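Student: attaching a predicted model along with its sequence, questions to come.
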Amino acid sequence: MGTPFDCSFCMKITSAAFHISVSALSGLPEESTPEIVFAGRSNVGKSTLLNSLTGLKALAKTSSTPGKTRLINYFLINQEFYFVDLPGYGYAAVGQEQKAAWGHLLSSYIEERQSISLVVLLFDSRHPAMESDRAMINFLEFHERPYGIVLTKFDKLTQKEMAKTRRIMESCAAKAKFIVNYSSFSGKGKSELLAHLDHYIR
């Protein structure tokens, strides 16, 4: 699953700030800055992960209500590159028209955006590789986008469940550049993930 973890190459985040929210591709920033994209099902913990990675509790707004992130949100990191938070997918409670609009925005962005360096897929480790997650993996592989996987809420699993989840992910995401077990509560996996991200910014 890509290069082995070496903390000597961990990314150091010294600054992070909200940059812009966009609802259409026409509003995206110029493609002169690398973008690391975070995607996942609604309520998988993307905002929590971004806050954990940057050490800023209120950088990305978190909510207990799935489907709250409806825009593409850009955060400028170290004045050098962007973290990009995509709308969550797979939430059934919104209307079909809304779901279609989000889906079009997300898919068009991934298909057309040339400044994407890496897509980080977040999966809930308690429910690995749901149908919508597998569809996203297939979509990224079809468009030959490099991607890595972060398994959130990993600290909620037993050792047996951890091993099972890992086997499932390695089977259905064989082309993933990395698979990181992450706990925003304890910080486990943070240094490893930053080391992987650093590789795609250098």
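Tutor: Looks like it arrived, so ask away.
Student: phi, psi for residue 168 please.
Tutor: Main-chain torsions, residue 168, degrees, to the nearest 10: phi -60, psi -50.
Student: how about the closest residue to it other than its chain neighbours, secondary structure?
Tutor: Here the nearest residue to residue 168 in space, its sequence neighbours aside, is residue 128; by C-beta to C-beta, 6 or more residues apart in numbering that works out to 4.8 Å. Where you see a C-beta, it was placed from the backbone N, CA and C, and this is true even at glycine. In three-state terms, and counting by DSSP: H, G, I helix; E, B strand; the rest coil, residue 128 is coil.
Student: do you know how far residue 128 is from residue 110?
Tutor: Note on residue 128: its distance to residue 110, by C-beta to C-beta, to the nearest Å, is 21 Å.
Student: contacts made by the helix or strand harbouring residue 117 with the rest, please.
Tutor: Under the criterion of DSSP states H and E, residue 117 resides in strand 116-124. Applying C-beta atoms under 8 Å, 6 or more residues apart in numbering, the contact partners of strand 116-124 are 34-41, 44-46, 49, 81, 110, 129-130, 133, 136-137, 140, 145-153, 169, 173, 176-177, 193, 197, 200-201.
Student: show me these that map onto strands.
Tutor: Judged by DSSP state E, the subset of the contacts of strand 116-124 located in strands is 35-40, 81, 147-152.
Student: the residues you listed: which two are farthest apart?
Tutor: Largest separation among the ones in strands among the contacts of strand 116-124 by C-beta to C-beta: 81 and 151, giving 23.7 Å.
Student: what about the protein, any weak spots by pLDDT?
Tutor: Along the chain, the model assigns pLDDT under 70 to residues 1-9, 62-69, 90-103.
Student: quick check, central residue of it?
Tutor: When C-alpha atoms, centre = their mean is applied to the chain, the residue found nearest the centroid is residue 38 (2.4 Å).
Student: surely that one is in contact with residue 87?
Tutor: No: counting by C-beta atoms under 8 Å, residue 38 stays clear of residue 87, with 10.9 Å between them.
Student: which element is the residue with the largest distance to the centre of the chain on?
Tutor: What lies farthest from the middle of the chain is residue 160; by C-alpha atoms, centre = their mean that is 25.4 Å. Using DSSP H and E, residue 160 sits in helix 159-172.
Student: show me what that helix is packed against.
Tutor: strand 147-152, strand 179-181 (3 or more C-beta pairs under 8 Å, 6 or more residues apart in numbering; DSSP states H and E).
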